[in-house]
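[1] Turn this into a structure:
(2 chains)
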Protein chains: 2
Amino acid sequence: MSEIASLLFANEAFYLAFRNRDFAGMDALWASQTDVSCIHPGWDSLDNREDVMASWRGILDNADSPPVESRGARAKVWNGAGLVICYELVEQNVLVATNVFVKEGAGWKMVHHQAGPCRVSPNGLGEEPEPISVQ
Amino acid sequence: MSEIASLLFANEAFYLAFRNRDFAGMDALWASQTDVSCIHPGWDSLDNREDVMASWRGILDNADSPPVESRGARAKVWNGAGLVICYELVEQNVLVATNVFVKEGAGWKMVHHQAGPCRVSPNGLGEEPEPISVQ
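    Numbering: from 1, shown residues only, chains lettered A, B, ... in the order given. Take a look at the predicted model:
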């Protein structure tokens, strides 16, 4: 699998854990050997792993949290760091996200996430997540 | 100068060009040897250098654009990539930004910017940009 394909795969795993309210999966895909940070929509920046994972625990444990699906992910890799930009479809709202990953061992791990509101129409995003091409 | 200090310096140069409506300075600090992307608050993602710089031309040429100051910048470096998270004080509104840089030659160049609304009070940010320590 190419670096870009494996990075998109890691990004999709993030949204899969999000959709499935899978805290263990979410915890495993965040980096553990370097600092992480997270900016949820409208929130202050969370700047350490304990605060970031506590925020995900709260979101994933909240039965009222709406489902989130990713759309249109685009990835870039520089040296040992990767960037994915994608839309997040949250019911009829569209957010846009910056997801940053680094390599820990053989795998990409998330080190930073920011999502914020976006003026894109949900009708323009297509019905299904874009396929991930494995090269 | 340490990698972290030079990364914070590049981040501050971005906000200096922003404040001074310095398009040439803004153009020079974005990467030219790799793809760049930019997510202005509420906008769709701009995914190529031509669109990103056209957006900055419009913002910097607009006399009604409010002044923007950075506060509380925090930087991290992985291999050849750097991440800066900071607040943006825009009149009495606070945004939070993700700024990603890579090395081109000896210098850090911006490859991605996302800013979005944040619930932090402007009164909590302090009066002056945090000093950049040169190590």
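[2] show me what contacts the residue of chain A found nearest chain B?
    Proximity of chain A to chain B (CB to the nearest CB) peaks at A:Gly116, 2.7 Å away. C-beta: built from backbone N, CA, C; applies to glycine. Residues near A:Gly116 by CB atoms under 8 Å, 6 or more residues apart in numbering or on different chains: A:39, A:41-42, A:95-97, B:39, B:41-42, B:114-117.
[3] longest helix in chain A, by residue count?
    Longest helix of chain A, by residue count under DSSP state H: helix A:3-19.
[4] roughly how far is the helix or strand that comes right after that helix from the heart of the chain?
    Sequence-wise, the next helix or strand downstream of helix A:3-19 (DSSP states H and E) is helix A:23-29. Between the centre of helix A:23-29 and the centre of its chain there are 12 Å (CA atoms, centre = their mean, to the nearest Å).
[5] again, but for stretch A:109-126
    With CA atoms, centre = their mean, you get 9 Å for stretch A:109-126.
[6] Convert the C-alpha atoms of it to CSV, please.
    What follows is stretch A:109-126, C-alpha atoms only, in CSV (Å, rounded to 0.1, in the frame of the first residue of the first chain):
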residue,chain,number,x,y,z
LYS,A,109,-1.1,7.9,14.1
MET,A,110,-3.2,11.0,14.5
VAL,A,111,-1.4,13.9,16.2
HIS,A,112,-3.8,16.8,15.5
HIS,A,113,-7.4,17.3,14.5
GLN,A,114,-9.3,20.5,13.8
ALA,A,115,-12.9,20.6,12.5
GLY,A,116,-14.9,23.7,11.9
PRO,A,117,-18.0,24.9,10.1
CYS,A,118,-18.0,25.1,6.3
ARG,A,119,-20.3,26.7,3.8
VAL,A,120,-20.3,23.7,1.5
SER,A,121,-23.8,22.2,0.8
PRO,A,122,-24.3,18.6,2.0
ASN,A,123,-25.9,18.0,-1.4
GLY,A,124,-22.5,18.7,-3.1
LEU,A,125,-20.6,16.0,-1.2
GLY,A,126,-22.0,12.8,-2.9
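[7] got any ranges where chain A has weak pLDDT?
    A:126-135 (pLDDT under 70).
[8] which parts of chain A sit against chain B?
    For chain A, the residues in contact with chain B (CB under 8 Å from any CB of the partner chain) are A:34-35, A:37, A:39, A:41-45, A:47, A:74, A:76, A:78-81, A:83, A:85, A:96, A:98, A:100, A:102, A:111-112, A:114-120.
[9] Restricted to buried residues, select those residues in PyMOL.
    What follows is the PyMOL syntax selecting those of the residues of chain A next to chain B that are buried according to 16 or more other CB atoms under 10 Å in any protein chain shown:
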select buried, chain A and resi 37+39+41+43+45+47+74+76+78+81+83+85+96+98+100+102+111+112+114+115+116+117+118+120
